[in-house]
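**Student:** Here is a sequence with its predicted model. Questions after.
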Amino acid sequence: MKQYLDLMRHVRDHGTFKSDRTGTGTYSVFAHQMRFDLADGFPLVTTKKCHLKSIIHELLWFLQGDTNIAYLKDNGVSIWDDWADEEGNLGPVYGYQWRSWPAPDGESIDQISKVLQMIRSNPDSRRLIVSAWNPALVDEMALPPCHALFQFYVADGKLSCQLYQRSADIFLGVPFNIASYALLTLMVAQVCGLQPGEFIWTGGDCHLYANHMEQAELQLSREPYPMPRMRLNPEVTDLFAFTFDDFTLEGYQAHPHIKAPVAV
Ligand SMILES: Nc1nc(=O)c2c([nH]1)NC[C@@H]1CN(c3ccc(C(=O)N[C@@H](CCC(=O)O)C(=O)O)cc3)CN21
Ligand SMILES: O=c1ccn([C@H]2C[C@H](O)[C@@H](COP(=O)(O)O)O2)c(=O)[nH]1
């Protein structure tokens, strides 16, 4: 995960200080790209221990089209608690836009099912896109989507995915976002009968919060371990049928966890 540490170091050294919505203050750089060849291993940060359980449950929750934190809470995941209302609702966030984007005719569009069907029937298509950024609804969301749009690409029997993330909390959010989309790419590849290719992460406002600088420094002082491997239950052929037990992470060696406050 040298790519991730390079981004962190680059923003520490060259970031411009900016005030931000949360009042915390950030060091920020505009636009950055990282590439991960999924054949090299699973891109989970090793310079601090990452809570893969939260990442898997969050992704399964998105894929079910769910936008209430009840499922997450039932599974001990608290990363969305700060943004939910008293009933646990977040508004029309990722799950809603992915699975039931409201169409003008009153119907809804299941973007995930559509993109799977397109990958299978027309893998050369240049339109293999899922967008969570819905300008008509961003104001109703607890938080407008950060991972806003992703595109798949098929060549030589391999499936690649590029994500555009408009806003990136490098210390807390980005390790989650990379692992989540890498996992999604492995899952989609498996159910479409393809090998995993690359995951490409493209960030817009890439920032280190001012109260994460010490944590970032500690992380930069650590030597990364080799990337672990992710094994999916090969029997699953329906993207929506994956459950938590279908994922096995092997060989994850990581430095101790580093705590940091989340900016709300
Ligand atoms: N400022 C900010 N950064 C984010 O990364 C972020 C938001 N807000 N708002 C919405 C979601 C929620 N996400 C979050 C929220 C909290 C953690 C967090 O506190 N992570 C800790 C604990 C992990 C756990 O409980 O599993 C960590 O050490 O990674 C991570 C991602 C990503 N997003
Ligand atoms: O998946 C996510 C979700 C959120 N973030 C971060 C990026 C920003 O620090 C905040 C969102 O604040 P905005 O003012 O809406 O940009 O959350 C992330 O990194 N990854």
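**Tutor:** Now that the structure is in, tell me what you want to look at. Numbering: from 1, shown residues only. Ligands and ions are numbered 1, 2, ... in the order given.
**Student:** Alpha carbons of stretch 149-168, as PDB, please.
**Tutor:** As requested, the backbone C-alpha atoms of stretch 149-168 are provided in PDB (Å, rounded to 0.1, in the frame of the first residue of the first chain):
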ATOM      1  CA  LEU A 149     -19.400   7.600  -9.500                       C
ATOM      2  CA  PHE A 150     -17.800   4.400 -10.700                       C
ATOM      3  CA  GLN A 151     -17.100   2.800 -14.000                       C
ATOM      4  CA  PHE A 152     -16.200  -0.800 -14.900                       C
ATOM      5  CA  TYR A 153     -14.000  -1.800 -17.800                       C
ATOM      6  CA  VAL A 154     -13.500  -5.200 -19.300                       C
ATOM      7  CA  ALA A 155     -10.400  -6.300 -21.400                       C
ATOM      8  CA  ASP A 156      -8.600  -9.600 -21.800                       C
ATOM      9  CA  GLY A 157     -11.100 -11.400 -19.600                       C
ATOM     10  CA  LYS A 158     -10.400  -9.000 -16.700                       C
ATOM     11  CA  LEU A 159     -12.700  -6.600 -14.900                       C
ATOM     12  CA  SER A 160     -11.300  -3.200 -13.800                       C
ATOM     13  CA  CYS A 161     -13.100  -0.500 -11.900                       C
ATOM     14  CA  GLN A 162     -12.400   3.200 -11.500                       C
ATOM     15  CA  LEU A 163     -14.000   5.300  -8.700                       C
ATOM     16  CA  TYR A 164     -14.300   9.000  -8.600                       C
ATOM     17  CA  GLN A 165     -14.400  10.200  -5.000                       C
ATOM     18  CA  ARG A 166     -15.200  13.900  -4.800                       C
ATOM     19  CA  SER A 167     -14.000  14.400  -1.200                       C
ATOM     20  CA  ALA A 168     -11.600  12.100   0.600                       C
END
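**Student:** i'd like the first residue to be 37 from this point on
**Tutor:** New numbering, starting at 37: the last item is stretch 185-204.
**Student:** Check which residues of that stretch are buried.
**Tutor:** 185-190, 194-201, 203-204 (16 or more other CB atoms under 10 Å). Yep, even glycine has a C-beta here, placed from its N, CA and C like the rest.
**Student:** so what's the closest residue to ligand 2 within the stretch 87-236 of the chain up against?
**Tutor:** Among residues of the stretch 87-236 of the chain, the one nearest ligand 2 by CB to the nearest ligand atom turns out to be G209. It sits 2.3 Å away. By CB atoms under 8 Å, 6 or more residues apart in numbering, the contact list for G209 reads C182.
**Student:** For G209, see how far away C242 is.
**Tutor:** Taken as CB to CB, to the nearest Å, the spacing of C242 relative to G209 amounts to 10 Å.
**Student:** hang on, isn't L108 packed against A120?
**Tutor:** No - assessed by CB atoms under 8 Å, L108 is found out of contact with A120, at 9.2 Å.
**Student:** Those two: which has the busier surroundings?
**Tutor:** The neighbour count for L108 versus A120, taken as other CB atoms under 10 Å, is higher for L108 (21 against 18).
**Student:** show me where the chain has helices.
**Tutor:** Counting by DSSP state H, one finds helices in the chain at the ranges 38-50, 88-99, 106-110, 130-136, 147-157, 209-227, 249-256.
**Student:** Quick one, which of those gets closest to ligand 1.
**Tutor:** Nearest to ligand 1, of all the helices of the chain, is helix 209-227, at 2.5 Å by CB to the nearest ligand atom.
**Student:** buried set for the closest one?
**Tutor:** 209-227.
**Student:** hmm, it touching ligand 1?
**Tutor:** Yes - under the criterion of CB under 6 Å from any ligand atom, helix 209-227 makes contact with ligand 1 via 209, 212.
**Student:** What residues does the residue nearest to the spatial centre of the chain make contact with?
**Tutor:** Most central in the chain under CA atoms, centre = their mean is N213, positioned 2.6 Å from the mean C-alpha point. For N213, the contacting residues are 182-183, 199, 201, 204, 237, by CB under 8 Å, 6+ apart.
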